[in-house]
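Student: Give me the fold of what follows.
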Amino acid sequence: MVQSFNLSGILNAFRLIANPSLAMPHIIVNDIREIPMASLKKHGIKAMAFDKDNCLTAPYMSNIHPPFKEAWDRCKDTFGKDNVTIVSNSAGTLDDENGKEAQALEVSLGVHVLRHTDKKPSGGAALMSHLKIPHDQIAFVGDRILTDIVYGNLNGNLTIWTKQVISEKGDNKPALFIRRLEHHLVKMLHHLDIKPSPHPFYTNKVKQ
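Tutor: I've put the predicted structure just below:
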């Protein structure tokens, strides 16, 4: 299934001019295997939300990327599968006819796939409504800056950027181009000493 045009992602990019911190992740890892699940829980994170494509699976695939299986199982064991959610810009959206892909993902990944009408970085209220957990006790994980990381920061989540893509095979061409720009954007913001949005876990981590 191919994603439809994401106008929200384009319009929300202009927010970065006024607040570039929205594009800065609190934690940067290569992939989900490096996420410190136990430490997150120890510091008060109670739920994990993930993008799907190139974060958990290859683009438009429904099975967990095989090298990530142990880390994925550890995440569900640490937080409980009811507190782990997929927020995709394809599965579970209006692009997903009758929610068929969302249902298939729930079977293959073993967690809930959020049904939502507004694509990331908009639509944070749907995740809050589903999890019923305070926003700062949710970590959001994704490979895209202008959708996933901005989405999480707009919602007051702890944001985790998985910078190493699983595969570019099958990904759409605009995503390939924008992803490269996003990597340059993060490097530039680091150079300008732009800090992520305030978050209790991030503050405590820096102090340690």
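
Student: Quick one: residues in contact with the host helix or strand of Tyr151.
Tutor: Applying DSSP states H and E as the criterion places Tyr151 in helix 150-154. If you take CB atoms under 8 Å, 6 or more residues apart in numbering as the criterion, helix 150-154 is touched by 12-13, 15-16, 21-24, 49, 87, 120-124, 139-140, 142, 158-159, 196-197. From N, CA and C alone the C-beta is placed, and that goes for glycine too.

Student: now that helix: mean pLDDT?
Tutor: Averaging pLDDT along helix 150-154 yields 96.

Student: Just the buried positions in the lengthiest helix in the chain, please.
Tutor: Taking DSSP state H as the criterion, the chain has its longest helix at helix 173-191. If you call a residue buried by 16 or more other CB atoms under 10 Å, then helix 173-191 has these buried ones: 175, 178-179, 182, 185-186, 189.

Student: which residue packs closest to Ala104, ignoring adjacent ones?
Tutor: Residue nearest to Ala104 in three dimensions, not counting chain neighbours: Ser62, with 5.1 Å by CB to CB, 6 or more residues apart in numbering.

Student: And for the one you found, the neighbour number?
Tutor: If you count neighbours by other CB atoms under 10 Å, Ser62 ends up with 16.

Student: Does it touch Leu105 like I think?
Tutor: Yes: with contact defined as CB atoms under 8 Å, Ser62 counts as touching Leu105 (5.4 Å).

Student: what are the ranges of the strands in this protein?
Tutor: Assigned by DSSP state E, the chain shows strands spanning 27-29, 47-50, 84-86, 112-113, 138-142, 158-162.

Student: Of all these, which one is nearest Lys132?
Tutor: Proximity to Lys132 (CB to CB) singles out strand 47-50 among the strands of the chain, at 9.3 Å.

Student: So what are the sheet partners of that closest one and their directions?
Tutor: Paired strands of strand 47-50, with direction, are strand 84-86 (parallel), strand 138-142 (parallel) (DSSP bridges).

Student: how about those strands in TSV, adding mean neighbour count, mean pLDDT and distance to Lys41?
Tutor: Listed next are the strands paired with strand 47-50 as TSV, based on neighbours: other CB atoms under 10 Å; pLDDT from 0 to 100; distance: least, CB to CB, whole Å:
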stretch	mean neighbour count	mean pLDDT	distance to Lys41
strand 84-86	21	98	12
strand 138-142	27	98	10
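
Student: Can you say which of those strands is nearest to Leu109?
Tutor: Closest approach to Leu109 among the strands paired with strand 47-50 is made by strand 84-86 (6.6 Å; CB to CB).

Student: tell me the contacts of Glu101?
Tutor: Per CB under 8 Å, 6+ apart, neighbours of Glu101: 1, 62, 90-92.

Student: rewinding a little: distance check, the residue nearest to Ala104 against Glu101.
Tutor: 7 Å (CB to CB, to the nearest Å).

Student: Quick check: neighbours shared by these two?
Tutor: With CB under 8 Å, 6+ apart, Ser62 and Glu101 have no common neighbours.

Student: hmm, which helix or strand of this structure has the shakiest average pLDDT?
Tutor: None of the helices or strands of the chain scores lower by mean pLDDT, DSSP states H and E than helix 7-13, at a mean of 58.
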